[in-house]
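[1] Quick one: sequence plus predicted model below, questions after.
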Amino acid sequence: MSNIVVIGAGPAGIMAAIVAAKAGHHVTLLEKNEKIGKKLFITGKGRCNVTNACEIEGLFSNVMEHDKFLYSAIYGFDNQAVMQFFEDAGCRLKIERGQRVFPESDHSSDVIRALDRQMRLAGVNLLLNREVESVLTKKIDDTEMNVEEKREDNTDKYKKKSKKKKLQQTAVITGVKLKNKEVISADSVIIATGGISYVLTGSTGDGYRFAEDCGHSIEELSPALVPFQIKEEWCKELQGLSLRNVTATVEVEGKNIYSDFGEMLFTHYGVSGPLMLSASSYYVHKAKGKQAKLYIDLKPALTKEQLDKRILREFDENKNKQFKNAITSLFPAKLLPIMPVLAEIDPDKKVHEITKEERERFVEVIKRLELTITGIRDYNEAIVTKGGVKVSEVSPSTMESKLVKGLYFAGEVLDLDALTGGFNLQIAWSTGYLAGMSAAGNE
């Protein structure tokens with residue numbers, strides 16, 4: 001029986017701890033907060049979007065980068081396995097629009113309770129209010145490494161491969177040191193500390209520091225799945241307005257980097273909502289810091305020609321009305337004073353006086369409402385963190401560090417992020433499961 005320490009009682013850490021403990025090892029799960037799953041509690045607006053029930057290819061296609069790195073993890077513990085895990089743990093699930101999976105109760109607390117029960121049944125030693133100061137390692141000297149290589153195999157081909165691997169792992173885990181100066185010995189340590197989004201939940205980037213101290217590289221960090229800040233002042237006048245069934249397109253220097261259909265929300269600083277959050281991930285991955293435009297198609301079900309005919313019908317029925325009063329059926333109330341201004345049409349002008357040129361401008365504004373992206377909100381409003389531990393320095397088949405023997409990573413601390421819809425939690429469950437199995441010697 002080996003001693004395994006898991007740092008971080010979020011989804012990845014809890015799953016890793018359960019799996020390793022069920023394999024018969026002594027597992028200590030360290031959490032600096034007063035309870036487990038603080039970020040998990042608020043995910044999905046408190047409902048917890050556990051995973052997505054799409055075909056397995058969809059799990060990979062919704063990962064922003066490094067989807068191939070996740071092949072072993074996801075195929076080893078896919079969305080169906082995650083759903084079965086929670087059903088077996090007594091948390092009934094349901095599938096909603098977009099194949100999103102939620103607890104039947106709509107309460108994230110039921111997901112956390114199910115995980116807590118599984119930890120207790122597995123015999124995980126959970127220690128709350130325990131903040132880790134550092135991960136402890138010792139160097140592997142050349143003599144020790146060469147002896148191991150000779151003992152493993154005597155073929156030239158295997159020696160070369162083994163030597164390369166052993167030379168990469170120049171240190172080995174010995175344990176962790178807590179802030180209270182307590183030292184816990186360990187044969188393996190799994191870092192599952194999350195990113196730095198939602199700082200109030202305890203996500204302060206500790207895992208990145210631990211990884212760097214162990215020699216790992218950290219890819220540039222950025223908030224992701226985060227609202228946009230918008231330049232146009234009129235945007236603030238629409239604060240609180242939610243639009244469903246619109247199409248959003250993000251263009252950077254004239255190039256389309258994102259286009260999708262869904263729901264959005266206007267705020268006092270810009271735009272948010274599911275559609276905008278997904279758009280933001282494309283922005284931070286492909287265009288952060290560049291000039292970007294956001295275009296909203298308010299009537300995506302209609303072509304320009306069909307929309308023009310619809311407007312003409314409205315005009316025919318309201319010939320003697322002012323323009324502002326003839327378009328009330330086209331938009332929500334908050335948009336009504338904005339649209340004539342953007343189309344450069346006098347709102348008091350009689351409908352029968354509207355020119356063809358003005359009508360064409362109006363159609364263009366409806367189909368391509370233009371907003372200027374000036375940036376994104378900070379980590380306090382971001383669902384996930386882009387960037388993290390460089391995945392090329394981690395074995396995709398085990399989640400073990402290629403630099404430190406016995407060190408594993410799982411979840412958001414890695415340079416992995418995905419779109420909304422349960423995909424980020426799937427990454428956490430899958431990498432946590434693989435790290436726990438690997439640390440337990442069951443890879």
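    Nice, I can see it. Remember, predicted model here, so these are calculated numbers, not experimental data.

[2] for the record, mean pLDDT for stretch 119-133?
    Mean per-residue pLDDT for stretch 119-133: 97.

[3] same thing with stretch 414-433?
    The model assigns stretch 414-433 a mean pLDDT of 97.

[4] any residues touching the helix or strand where Ala16 lies, and which ones?
    Under the criterion of DSSP states H and E, Ala16 resides in helix 11-22. Residues outside helix 11-22 that contact it (CB atoms under 8 Å, 6 or more residues apart in numbering) are 4, 6-7, 9, 27, 29, 31, 36-37, 40, 115, 118-119, 122-124, 126, 190, 192-194, 408, 410-413, 425, 428-429, 431-433, 435-437, 439-440. C-beta: built from backbone N, CA, C; applies to glycine.

[5] mind redoing it with 7 Å?
    Residues outside helix 11-22 that contact it (CB atoms under 7 Å, 6 or more residues apart in numbering): 4, 6-7, 27, 29, 36, 40, 115, 118-119, 122-124, 190, 192, 410-411, 425, 428-429, 431-433, 435-437, 439-440.

[6] can you pull the contacts of Gly240?
    Neighbours of Gly240 in contact, by CB under 7 Å, 6+ apart: Phe266.

[7] Could you rerun that using 10 Å?
    Leu265, Phe266, Thr267, His268, Lys334 (CB atoms under 10 Å, 6 or more residues apart in numbering).

[8] Who does the next helix or strand after the helix holding Ala16 pair with, and is each partner parallel or antiparallel?
    Per DSSP H and E, helix 11-22 leads on to strand 26-31 as the next helix or strand towards the C-terminus. Looking at strand 26-31 with DSSP bridges, its partner strands are strand 3-7 (parallel), strand 125-128 (parallel).

[9] Compute the inter-axis angle for the longest one and helix 11-22.
    Comparing the axes of strand 3-7 and helix 11-22 via axes from the mean of the first three to the mean of the last three CA atoms, to 10 degrees yields an angle of 170 degrees.

[10] chain center to strand 3-7, what's the gap?
    25 Å (CA atoms, centre = their mean, to the nearest Å).

[11] Stretch 299-319 now?
    With CA atoms, centre = their mean, you get 40 Å for stretch 299-319.

[12] same question, stretch 3-23
    Worked out by CA atoms, centre = their mean, stretch 3-23 lies 20 Å from the chain centre.

[13] Could you pull up the mean pLDDT of it?
    Confidence for stretch 3-23, expressed as mean pLDDT, is 98.

[14] Kindly report the same for stretch 294-312.
    On average, stretch 294-312 scores 96.

[15] Endpoints of that stretch, how far apart?
    End-to-end span of stretch 294-312 (CA to CA, to the nearest Å): 28 Å.

[16] list the buried ones in it?
    Buried positions in stretch 294-312, judged by neighbour count with 16 or more other CB atoms under 10 Å: Leu294, Tyr295, Ile296, Asp297, Leu298, Lys299, Leu302, Leu307, Asp308, Arg310, Ile311.

[17] Stretch 130-137 now?
    Arg130, Val132, Glu133, Ser134, Val135, Leu136, Thr137.
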